[in-house]
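Engineer: Provided below are the primary sequence and the corresponding predicted coordinates.
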Amino acid sequence: MTDAFGINALALLIPILSVTLTLGSVIVWILVWHRRRMHELDCRHKERMAAIEKGLELPPEPPLPQPAQTPPNARYLLRGLSWLGVGISLSLALRDWFGFMGGFGWIASAVGAAYLIFYFVEGHKATVSEHETPPSGSDQTH
């Protein structure tokens, strides 16, 4: 009976530890990021105050960080891979639970495949159109 109790306790301990460690690591990452950001702001403030005290011209304010812009075609690749992965996962999971290939999973897989097809077709069109246009400033005309 002690073996069964030990196995059950271990089976409960695994999800508890995984959730706790995941949330803990996210919290630690946020705290470290915030401290680094505050340190950068403090250093910039000290630098500007020292320049004011010495009567020097203030250094230019650094530009605000802009969010990373993903190319429009990359979004379709991400969407396609996500839908395809979810669809295949649902198909396999529903097959094991209900004894049939999960029809709903195949719908999501088809949506993902459509996004991937669109990504590859549009990417091919973009590379073809780039090769057809002459470089800027050249005297070439077609």
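Structural biologist: Cool, got the structure.

Engineer: Need the nearest residue in space to residue 85, chain neighbours excluded.
Structural biologist: residue 112 (7.2 Å; Cβ to Cβ, 6 or more residues apart in numbering). All C-beta spots, glycine's among them, are computed from the backbone N, C-alpha and C.

Engineer: can you pull the pLDDT of that neighbour?
Structural biologist: Predicted confidence (pLDDT) for residue 112: 89.

Engineer: Next, count neighbours for it.
Structural biologist: 20 (other Cβ atoms under 10 Å).

Engineer: Report the secondary structure element holding it.
Structural biologist: helix 103-132 (DSSP states H and E).

Engineer: next one: residue 74
Structural biologist: Assessed by DSSP H and E, residue 74 sits inside helix 72-98.

Engineer: Flag every buried residue along that helix.
Structural biologist: Of all the residues in helix 72-98, those buried under the rule 16 or more other Cβ atoms under 10 Å are 76, 77, 79, 80, 83, 84, 87, 88, 90, 91, 94.

Engineer: Go through those residues and flag the one the model is least confident about.
Structural biologist: residue 94 (73).
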